[in-house]
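Chemist: Quick one, structure for this:
(chains A and B)
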Amino acid sequence: MSPALLEAEALTKHFPVRRGIFGRTGGLVRAVDSVSFTIDAGKTLGLVGESGCGKTTTSRMILNVEAPTSGEIRFDGTPLDRLDRDGLRRYRRAVQAVFQDPYASLDPRMRVGSIVGEPLIINERLPGPALRKRVLELLGLVGLPERAVELFPHEFSGGQRQRIAIARALALSPKLVVLDEPVSALDVSIRAQILNLLRDLQRRLGVAYLFIAHDLAAVAHMGHVIAVMYLGKIVELGAAADVALRPKHPYTQALFSAALPLDPGERREEIILRGEIPSPLDPPPGCRFHTRCPQVMERCSRDEPPLAPESGRLLACHLYPSPSK
Amino acid sequence: MSTPVIDVRDLRTHIVTRWGTIKAVDGVSFTVAEGETLGLVGESGSGKSMTCLSILRLVPRPAARILGGEVRLDGDDLLKKSAREMQRIRGKRVAMILQDPMSSLNPVFSIGMQVREPLASYHGLSGRALTSRAAELLASVGISSPAARLRAFPHQLSGGMRQRVVGAMAISAPPRLLIADEPTTSLDLTIQAQYLRLLKDLQERHRLAMIFVTHNLGIVAKMCDRVAVMYAGRIVETGRVETIFATPRHPYTRALLESVPRLGAQTEWLTAIEGQPPDLAALPPGCSFAPRCAHAMGRCRVEEPPEFTLGAGHASRCWLDAPA
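Modeler: Presented below is the predicted three-dimensional model:
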């Protein structure tokens, strides 16, 4: 078996919180705490969780804009911290990003042609005619008309702007694209267009995605593998269909039960969690979910459950394996 | 049938902009009965929020103006009230919860001051009775240690807690009609589930008529009795929730329902609605949805479809439903 495209091993990011004018360290935000996963070439890893669970910090480490406190990211088998300048440049070309808000991620003073062409000018120094040809090709790929080249971002709707952002991300033929809530800011009728486009591009170009979202149905639809995060930890990781249809971790179960039904007749068991998400500045001891877990046991507040294989996936919960076995 | 709490008839609100007049609300009619929830569904710019603001007569002036129609609350036409009378109706008889709780809470006043204010003005409470009623109100929306929270400031509470405070203020009268405009959009999923349950409880306890504005069809399925689907300032389909989900008739409603990924369905491609949301300043002649409609006929581009009644309470504005 060939190694995965990207491997994250025990990835950890702590942010020191400074208090007072002397910058004393007043604690650590454990944004991401020993998270491991792999992304295979041409596949999608869906990362789900609520705000503050560390999904965006994880993506920032993968994009190499944030250095991990500890742990390692390997790309095509090579650890990132062992790459030289040239290697890092190649890495940054191979890993691109599309962000949530297409109103913030495009420079309003640049024409679309320059926005999409900029990565090519910087990295490939394409001569004029070849550059123009490639930009038009990219626009065609994402379903925008050729005349878009001359226009400015404000002349486009949200969905079209997200297409521009996708074209820019694809300009350097990346192997992995980080999609951080790519459809959350778009209108409902437009979301399906963009999800279909992303899926079609994956099929045609063989690009892998790290798809970050809080919309579970969208993640289940897009992902080959789903990882569920809670307070900086992965609590469940497995094949998308398994995790979405038969969630095992009580948190995943609650999340999927909170995902709204699409049919008034559908009566699912409703799990409503108590309380709020605790602060990552001071996560609960033991299992971080135990303060809100409907099936909490005595040992949950003491021992932290490891992420261990269980029924064909990885689970971090003391309920598994069930004690009867 | 019981008389509706709110009866909106042919409401029209236009906005004058540099690019032309936008018919934000263009002949909207609906009713909501006591204890009933109407879901107002649509994309941004479809006119759902403007409809709600028109009911409260809070449209941004001078650009936006309510041009006509009736908004009857328990029989009184709100559009005929004076500004002073409206002030007494807002909050007391009609309350509204907005998407962002910080747009309803003042950051420089304590929660206590803000929760006490409507109680003092609606119920004439003061002193200790007022404070204990305010604490009761916070407890009724599931806020723990309410007496201590009264001294807190909005920034000290989480988003979910703030939205609960706004909910507490909204039901302090209690009102006859509660308008919830995307109240859970800024909340996390598990917190959203808590809040929806709370709204349902409050509604049942006070027999509120509720208008729930959302673009999330899942929320509609869970919370609403009836739905009105809006597109470009008009209600294009309305009916009972079960009817709309089981047998949607308008192509826009159908496309909306099909375009959302479903948990468990292993469909490879979603049914996308082609094209872009309409430019409200330059709507096409005929049916506004025709340029994006997979079933558009010649007639759709020329003549605007009227509302066709399809069954009990089910109506659609589409030529496909014209009686032969």
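Chemist: For burial, what's the neighbour tally of the residue of the stretch 151-300 of chain B found nearest chain A?
Modeler: With CB to the nearest CB, the shortest gap between the stretch 151-300 of chain B and chain A falls at residue B:218, namely 2.4 Å. Glycine gets a C-beta too; all of them are placed from N, C-alpha and C. Counted with other CB atoms under 10 Å in any protein chain shown, the neighbours of residue B:218 add up to 20.
Chemist: what kind of secondary structure is it in?
Modeler: helix (DSSP: H, G, I helix; E, B strand; the rest coil).
Chemist: Let me know whether it touches residue A:259 as I believe.
Modeler: Yes: with contacts counted by CB atoms under 8 Å, residue B:218 reaches residue A:259, the gap being 7.1 Å.
Chemist: The stretch 51-200 of chain B: helices as residue ranges?
Modeler: B:83-89, B:111-123, B:127-140, B:146-149, B:159-170, B:189-206 (DSSP state H, counting those that start in this stretch).
Chemist: In terms of secondary structure, what does the first one contact?
Modeler: What that stands for is helix B:83-89. Applying 3 or more CB pairs under 8 Å, 6 or more residues apart in numbering or on different chains; DSSP states H and E, we find helix B:83-89 packed against no helix or strand.
Chemist: give me every residue that touches residue 293.
Modeler: Using chain A here. Residue A:293 sits next to A:250, A:251, A:287, A:300 when contact means CB atoms under 8 Å, 6 or more residues apart in numbering or on different chains.
Chemist: my bad, the chain I had in mind was chain B
Modeler: So residue B:293 contacts B:251, B:252, B:287, B:300 (CB under 8 Å, 6+ apart).
Chemist: Throw those into TSV and include pLDDT, thanks.
Modeler: As requested, these are exported to TSV (pLDDT from 0 to 100):
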residue	pLDDT
B:251	95
B:252	94
B:287	95
B:300	94
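Chemist: Tally up the residues packed near residue A:219, please.
Modeler: Residue A:219: 26 neighbours (other CB under 10 Å).
Chemist: so where's the longest helix in chain A?
Modeler: helix A:188-205 (DSSP state H).
Chemist: Tell me if that one is near chain B.
Modeler: Yes: for helix A:188-205 and chain B, the contact criterion (CB under 8 Å from any CB of the partner chain) is met by A:188, A:189, A:190, A:191, A:192, A:193, A:195, A:196, A:199.
Chemist: thinking again about what came up before, and the two most separated of the contacts of residue B:293?
Modeler: B:252 and B:300 (11.9 Å; CB to CB).
Chemist: Looking at these two, which is more packed in?
Modeler: Between residue B:252 and residue B:300, counted using other CB under 10 Å, the more crowded position is residue B:252 (27 against 23).
Chemist: can you tell me which residues contact the more buried one?
Modeler: B:229, B:231, B:236, B:237, B:273, B:289, B:292, B:293.
Chemist: can you check residue B:195 too?
Modeler: B:160, B:163, B:164, B:167, B:183, B:184, B:187.
Chemist: thinking the third one is in contact with residue B:198, fair?
Modeler: When you say that, I think you mean residue B:164. Yes: counting by CB under 8 Å, residue B:198 is a contact partner of residue B:164 at 6.9 Å.
Chemist: what pairs with residue B:28 across the strands?
Modeler: Under DSSP bridges, the beta-bridge partners of residue B:28 are residue B:11.
Chemist: Quick check: which element contains the residue nearest in space to the middle of chain A?
Modeler: Taking CA atoms, centre = their mean as the criterion, residue A:212 is the residue nearest the geometric centre of chain A, at 3.0 Å. Assigned by DSSP states H and E, residue A:212 falls within strand A:208-213.
Chemist: Thanks a lot, see you next time.
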